[in-house]
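S.K.: Whatever this is, show me its structure:
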Amino acid sequence: MTRPSTSRIAVALLLGASLLLTACASDFSARERRPSFRPILGTPLTSTATKNTRALLIAAMRSMRSRPVDALGKNLLAARSALEQLHANPNDPVAQDNYNFATARVLGILRDAKLSPWEQPLSVPTQEGVIELSHQPDPRPQWNPELYTFIPADQFDINGAYVRESAARPGVGAPIVAIGKDINPGWQANFGLRRVYHGVTAVLNFKGDRCVIEFLDPLDHETVSLDGRTFPLAANFTVPMAVLLNETASKAPKIARMFFPERYSDTARLVRLEPYNPNKTVVLVIHGLMDSPTTWAPMIINLRADPEIRKHYQFWFFSYPSGLPYPYSAAILRRELDRAEQQFPLHAPMVVIGHSMGGCISRLLITDTSDKKLWQLQFGRSPEKMNLQPSSRKILEQSLIFPSRRDVGRVIFISSPLRGSDIASNLLGRIGSSLIRTPRSLLYVGNEAFRYGTFQSSDLRLRRAPNSIDTLAPNNRFVRNVNSIPITPGIPYHTIIGDRGRGDSPNSSDGVVPYWSSHMDGAVSECIVPSGHGAHQNPKAFAEVARILKLNEASQ
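M.R.: Numbering: from 1, shown residues only. Next up is the predicted model:
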C-alpha cells in the first residue's frame with residue numbers, strides 16, 4: 001500500500017502549522033486584564049448617595065492590591081448603597097452600573113486575595129461596621145463554589161473573528177466566568193468538558209450587616225429577586241464562550257485531526273456545552289472537514305442572546321477527527337447518542353445542525369438502511385455472502401446498516417456537499433487525500449473490502465480504504481449510493497446555502513460546494529445567504545436558524 005513521501009508530509013505539516021497559528025490568532029483570544037472603573041457618561045450625579053457610592057468604588061480601586069480586605073469592604077458598602085438606590089428607582093442606570101461593578105470587584109478580590117466565604121462566613125471590616133459575607137448554598141454538588149475560580153467577565157479583553165460581536169443582556173448582577181479548578185470528574189462518561197467553563201451571574205443580597213453571594217445561571221434565569229424586588233438578570237454570553245475556546249482549542253488542533261485521525265481518536269465524542277436541562281430541546285451541532293466545534297461559537301453566542309431560544313433549547317456538539325470517512329464518523333455519533341440517551345433522556349426529539357461534511361453526517365442520521373440496501377449497492381452482494389473478519393464486519397455494518405434515528409426531529413444542512421464537491425476529486429483534493437494517515441483498523445477493513453473490488457471499481461480508482469476527502473467526491477461510490485436512498489419520511493429538513501454574494505443560484509457556489517450539491521428538493525425551506533463556505537457564521541444564517549428553531553418549538 002502506497003504512503004505519502006516524507007517530504008510531502010513535511011510540506012503539509014508546515015502548511016498546516018502556519019494555517020493553525022493564523023486561525024488561533026484571528027479566530028478568538030481572551031486575555032485577562034486589570035479592571036477599570038468606567039462610570040456611565042452623560043448622566044448627572046443626582047444624589048449624595050450616588051456620589052458617595054462612586055467615591056467608595058474609586059477608593060476601593062486604589063487599595064485593591066495593597067489592602068484587599070479594605071477594598072472588599074468598600075465594594076460591599078458601594079453595592080449595598082447602590083442596591084438601596086435601585087429599590088427606590090429600579091430604572092436608575094447609574095445605580096445599576098455601580099452595583100454591578102461593585103459585585104464584580106467583590107468576586108475579583110476574593111479570588112486574588114485567596115479569601116473564601118464558601119465554607120464559612122467571612123467577617124469583613126468596613127467604616128460602617130463588620131459585614132458578614134457568605135453565600136447561598138446550592139443542593140446540587142456540582143454547583144459548590146469551592147470547585148471553581150470566579151473571574152468577572154469585565155476583566156477580559158475579547159478579540160477574534162469568532163467573537164466579533166458582544167451578546168449581553170442588560171440587568172442587575174455581575175457576569176462571571178466560572179472555571180473548574182480541577183479536571184471535571186467523569187467528564188468523558190458524562191459527556192462534559194474536560195474542565196468546566198461556564199457563564200454565571202453573581203448577585204449580592206443584603207440583610208442588615210449580612211451579605212449573601214448567589215450565583216445564577218443566565219441560561220435558566222431571566223430575573224433575580226433581591227429583598228423582595230424583582231430585577232432583570234444581567235448576562236454576558238460572549239466572554240464565557242471566548243474563554244472556553246481560548247483555553248481548549250489548542251488541545252486538539254483541527255488540521256492535525258484531519259491529517260492524523262488515529263492520533264486524535266479520543267476526541268471523537270459527544271459533548272454537552274452547558275449543564276443538562278431535561279426540559280430543554282437539544283440542538284446538536286456538527287462541524288465539517290478540517291474544523292472543530294469552535295466554528296459554531298458565533299452562531300451559539302448569537303442564538304443564546306435570544307430569550308425564546310434560551311428558554312427552550314440547550315446546545316450539544318459532536319467533535320471528531322475529520323480525516324475519518326464520514327460514514328464511520330456517523331457510526332461513532334450513533335454510538336455516542338445511544339450512550340447519552342441512557343443518562344440524559346430527551347423530552348423531545350433533537351434538532352441537528354450540520355455544516356459542510358457535518359451535514360453529510362447529519363444526513364445519515366435521518367436515513368434508514370436497515371434493509372441492507374446500501375450494503376448491497378456498495379458490494380454487489382449481501383453481507384452473508386462475504387467472508388470478513390469479525391472486526392471488519394462490525395465496522396462495515398455500523399457504517400452501512402443502520403436505522404433512522406428516532407431521537408432526531410429536524411435537521412438543518414448548512415453548506416453541505418450532500419452530492420459531493422468537485423474539489424475533493426480534483427488535483428488539490430487528491431493530494432490532500434493522499435496525506436491523510438488512515439487509522440490502522442480502517443486500513444485492515446479496506447484491505448478486506450478491496451478483495452471484493454469495492455473501491456477499485458469506483459471512479460476514484462482507490463486502492464485503499466476511503467478517507468474523509470474521498471467520501472466527499474461526487475464520483476465516490478458511497479456518495480452516489482447513499483443519495484439513491486430517500487430521507488426517512490416525516491422528518492423535516494432545511495438547507496442554508498452560500499453563494500458568495502453573487503445571487504446567481506442555481507448556478508452558484510460557496511467557493512467549495514456548488515448549489516447543485518447542497519440543494520434538496522424535499523427541504524421545507526431553502527435560504528441563500530451572501531457568504532462563502534462559512535455560511536454558518538453569516539448573520540443571515542443566524543436569523544434563519546433562529547426562525548427554524550422557533551418554528552420547531554411551535555410544532556411540538
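S.K.: rest of the way, CA atoms for contacts and neighbours
M.R.: Fine.
S.K.: And the pLDDT at the nearest residue to P403 once chain neighbours are set aside?
M.R.: Once flanking residues are discounted, P403 sits nearest to D368: 4.4 Å by Cα to Cα, 6 or more residues apart in numbering. pLDDT recorded at D368 is 98.
S.K.: Can you show me the strands along the stretch 351-500 of the chain?
M.R.: 408-414, 493-498 (DSSP state E, counting those that start in this stretch).
S.K.: any idea how far L270 is from W143?
M.R.: 22 Å (Cα to Cα, to the nearest Å).
S.K.: quick one: which of these two has more around it?
M.R.: Between L270 and W143, L270 has the larger neighbour count (other Cα atoms under 10 Å), namely 27 against 12.
S.K.: check which helix or strand covers that one.
M.R.: Assigning secondary structure by DSSP states H and E places L270 in strand 269-272.
S.K.: Can you name the element that comes right after that strand?
M.R.: Next helix or strand after strand 269-272 toward the C-terminus (DSSP H and E): strand 281-286.
S.K.: Can I get that next one in CSV? Just the C-alpha atoms.
M.R.: Presented in CSV, the C-alpha positions along strand 281-286 are these (Å, rounded to 0.1, in the frame of the first residue of the first chain):
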residue,chain,number,x,y,z
THR,A,281,-34.7,20.5,23.5
VAL,A,282,-31.2,19.6,22.4
VAL,A,283,-29.6,21.4,19.5
LEU,A,284,-26.7,19.2,18.2
VAL,A,285,-24.2,21.0,16.0
ILE,A,286,-21.7,19.0,13.9
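S.K.: Strand partners (parallel or antiparallel) of that strand?
M.R.: Partner strands for strand 281-286, per DSSP bridges, with pairing direction: strand 313-319 (parallel), strand 350-355 (parallel).
S.K.: Which one of these lies nearest to M61?
M.R.: Checking these against M61 by Cα to Cα gives strand 313-319 as the closest, at 38.1 Å.
S.K.: number of nearby residues for the residue nearest to P403?
M.R.: Neighbour tally, D368, other Cα under 10 Å: 20.
S.K.: Then I332?
M.R.: Counted with other Cα under 10 Å, I332 comes out at 18.
S.K.: I'd say it and A268 touch.
M.R.: Yes. When contacts are counted by Cα atoms under 8 Å, I332 is listed as touching A268 (7.4 Å).
S.K.: From the rest of the structure, what touches whatever helix or strand F231 lives in?
M.R.: Secondary-structure assignment from DSSP H and E places F231 in strand 229-232. Applying Cα atoms under 8 Å, 6 or more residues apart in numbering, the set of residues contacting strand 229-232 from outside is 87, 90, 170-172, 222-225.
S.K.: Most neighbours out of those, which is it?
M.R.: With neighbours taken as other Cα under 10 Å, the top of those is V172, carrying 31 neighbours.
S.K.: Test my guess that that residue contacts L233.
M.R.: Yes. The criterion here is Cα under 8 Å, and V172 meets it with L233 at 5.0 Å.
S.K.: what domains does the record give for the protein?
M.R.: 30-242, 252-555 (automatic domain parsing).
S.K.: Which stretches in the stretch 301-450 of the chain count as helices?
M.R.: 307-312, 326-343, 357-365, 373-379, 390-400, 422-425, 427-435, 440-450 (DSSP state H, counting those that start in this stretch).
S.K.: In JSON lines: these, plus distance to R195.
M.R.: Listed next are these as JSON lines, based on distance: least, Cα to Cα, whole Å:
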{"stretch": "helix 307-312", "distance to R195": "23"}
{"stretch": "helix 326-343", "distance to R195": "19"}
{"stretch": "helix 357-365", "distance to R195": "25"}
{"stretch": "helix 373-379", "distance to R195": "41"}
{"stretch": "helix 390-400", "distance to R195": "31"}
{"stretch": "helix 422-425", "distance to R195": "36"}
{"stretch": "helix 427-435", "distance to R195": "33"}
{"stretch": "helix 440-450", "distance to R195": "30"}
